[in-house]
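[1] Everything below, folded, please.
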Amino acid sequence: MSQGPSGDLYAVADFCLVPIGTAEPSVAEYVAECVRVLEKTGLKFKMHSRSFRRSGYGTNLEGPWTEVMQAIHACHAAVHAKGAPRIATDIRIGTRVDREIAPGTGNEGKVKRVEEILARDSTHVTHST
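    Below is the predicted model of the structure:
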């Protein structure tokens with residue numbers, strides 16, 4: 001079962017934090033503040049932006065459930081402290097207990113598996129003109 005030493009479930013989260021009611025249209029300063037917070041957590045995270053292989057803007061974050069949720073909470077607190085009066089956040093969290101997941105490899109493993117399937121498909125496709 002994928003649990004840490006504390007018995008916490010290992011979580012792979014995808015979250016998108018959106019500051020609302022800021023004075024400027026760009027939210028880059030607020031996102032950078034959240035990244036500063038995440039860097040201090042020691043959890044594995046990766047920002048992503050819209051592309052054909054991604055579903056939207058946001059950040060993948062993984063680790064023990066409690067630490068992941070605390071990190072998202074800390075991002076909210078930091079972005080409010082920076083001046084955002086409101087924040088809307090979408091969060092998707094996956095856990096699994098049917099096999100062990102090495103810390104820091106949860107999202108990589110999922111992405112790698114999909115890329116392997118797509119690579120296999122592309123070798124079987126015949127292009128005609």
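[2] pretty sure K46 is in contact with L38, am I right?
    No: K46 lies out of contact with L38 (Cβ atoms under 8 Å); the separation is 9.8 Å. All C-beta spots, glycine's among them, are computed from the backbone N, C-alpha and C.
[3] Of these two, give the one with the bigger neighbour count.
    Neighbour totals were compared for K46 and L38, and L38 leads with 21 against 14 (other Cβ atoms under 10 Å).
[4] Hmm, that one is touching Q70, no?
    No: here L38 does not reach Q70: they are 11.1 Å apart, not a contact under Cβ under 8 Å.
[5] Identify the residues contacting M47.
    Listed by Cβ atoms under 8 Å, 6 or more residues apart in numbering, the contact partners of M47 are V31, V35, G58, T59.
[6] those helices in this structure, which residues are they?
    With DSSP state H applied, the chain shows helices at 28-41, 65-81, 106-124, listed in chain order.
[7] out of these, which comes closest to R96?
    helix 106-124 (8.5 Å; Cβ to Cβ).
[8] So which other helices or strands are in contact with the closest one?
    Under the contact criterion of 3 or more Cβ pairs under 8 Å, 6 or more residues apart in numbering; DSSP states H and E, helix 106-124 touches strand 10-20, strand 58-64.
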